[in-house]
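give the three-dimensional model of this entry:
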Amino acid sequence: MDDDMRCLVALLSDTGLGLAEGAGLLKTDLHLKNNVPFVRIQKHPRRCLKARSSERDVPLVGEAIWTVQPALQDQSESLFVFPRHNQPSTTVANSANAVVNNWLKRHAPAGWQKRS
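Okay, here's the model as predicted:
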């Protein structure tokens, strides 16, 4: 099973993050040692936000805490929580969208339909 896809889907589900926000998370966006663990959504050179008001701190609850822990244990040189969907200069949200949709089709229960 594609663990990074399972983690990304769980993170999006439990936080309400947008796909580009979740796929483009930097390891430095994670703040797990606080009283309430959270991710900081902010503009950075590889990921833009739709509006300045999109900058926010999002609490990590439920499975969301579990989903980001492997990234902190990852010893690779990647700056990203989910490196598969990031190039050195940008987050490739279209690629992430296609991969997540394909993953959901394979793993979602029978009769599941995607809402847009």
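
show me the strands in the protein, by range?
All strands of the chain, identified by DSSP state E, fall at 30-31, 38-41, 56-59, 86-87, 90-91.

can you list the strands that the second one pairs with?
Sheet pairing for strand 38-41, assigned by DSSP bridges, gives strand 30-31 (antiparallel), strand 56-59 (antiparallel).

could I get these as TSV with distance to Val81?
Yep, even glycine has a C-beta here, placed from its N, CA and C like the rest. Converted to TSV, the strands paired with strand 38-41 look like this (distance: least, C-beta to C-beta, whole Å):
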stretch	distance to Val81
strand 30-31	7
strand 56-59	13
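
dump the strands of the chain to CSV, plus mean pLDDT.
Converted to CSV, the strands of the chain look like this (pLDDT from 0 to 100):
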stretch, mean pLDDT
strand 30-31, 94
strand 38-41, 95
strand 56-59, 96
strand 86-87, 82
strand 90-91, 78
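
below-threshold pLDDT in this protein: ranges please.
1-2, 75, 114-116 (pLDDT under 70).

OK, contacts around the residue nearest the centre of it?
Nearest to the geometric centre of the chain sits Gly22, at 2.4 Å (C-alpha atoms, centre = their mean). By C-beta atoms under 8 Å, 6 or more residues apart in numbering, Gly22 lies in contact with 8, 11-12, 15, 82.

measure Phe20 to Gln42 for me?
Residue 20: Ala, not Phe. Distance, Ala20 to Gln42, by C-beta to C-beta, to the nearest Å: 13 Å.

the chain: helices as residue ranges?
Counting by DSSP state H, one finds helices in the chain at the ranges 3-15, 19-23, 63-73, 93-107.

and the longest one with helix 3-15, angle?
Read it as helix 93-107. Helix 93-107 and helix 3-15 are oriented at 90 degrees to each other (axes from the mean of the first three to the mean of the last three C-alpha atoms, to 10 degrees).

start the count at 31, not 1, going forward
Okay, residue one is now 31; in that scheme the one you just asked about reads as helix 123-137.

distance between helix 123-137 and the chain's centre?
Centroid separation between helix 123-137 and its chain, computed with C-alpha atoms, centre = their mean, to the nearest Å, is 13 Å.
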